[in-house]
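# With the input below, show me the fold.
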Amino acid sequence: MNIWNKTSDILPPEGKYVIVRYNGGNWIDNNDPKNVNCVIARLIKGISMKEREQLSDTDERKRKYIKGDEHSNNIVNYAWQTFGILSFFGQEVSEWAYIPEH
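Take a look at the predicted model:
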């Protein structure tokens, strides 16, 4: 049974901590497989460039960018935040899984 969900297929609920595989390259050396780096992170949803364009000029969100918005190096309208200072652009996470409950 595969517990991993591709981010291109489905995203977890916003704010729920999950296990994520991020595209951080190889962990130790060149013989390690890609995308085996895993951390606990939560999804932060933002708005897309298309959604931003449709906002009225008086809407503060039209001018204010927050983590998760599609902008600059973040090419999707969500991002990932860990417990610490580490965060990822949305496209840097390839798969996610729910944390097993005991």
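# Contacts for stretch 2-19, please.
The set of residues external to stretch 2-19 that reach it, using C-beta atoms under 8 Å, 6 or more residues apart in numbering, is 21, 38-45, 78, 83, 90, 93-99. All C-beta spots, glycine's among them, are computed from the backbone N, C-alpha and C.
# Repeat that for stretch 80-87.
Residues beyond stretch 80-87 that count as contacts (C-beta under 8 Å, 6+ apart) turn out to be 17, 20, 22, 39-44, 67, 79, 88, 90, 92-93.
# From residue 96, how far off is residue 71?
22 Å (C-beta to C-beta, to the nearest Å).
# Name the residues of the longest strand seen in the chain that are buried.
In the chain, taking DSSP state E as the definition, the longest strand is strand 37-45. By neighbour count, and taking 16 or more other C-beta atoms under 10 Å as the criterion, the buried residues in strand 37-45 are 39, 41, 42, 43, 44, 45.
# which residues of this structure fall in strands?
5-6, 17-22, 37-45, 78-82, 87-89, 93-97.
# quick one: strands adjacent to the fourth one?
This means strand 78-82. When pairing is defined by DSSP bridges, strand 78-82 lines up against strand 37-45 (antiparallel), strand 87-89 (antiparallel).
# need those in TSV with distance to residue 57 and mean pLDDT, can you?
Shown next, in TSV, are the strands paired with strand 78-82 (distance: least, C-beta to C-beta, whole Å; pLDDT from 0 to 100):
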stretch	distance to residue 57	mean pLDDT
strand 37-45	23	92
strand 87-89	27	93
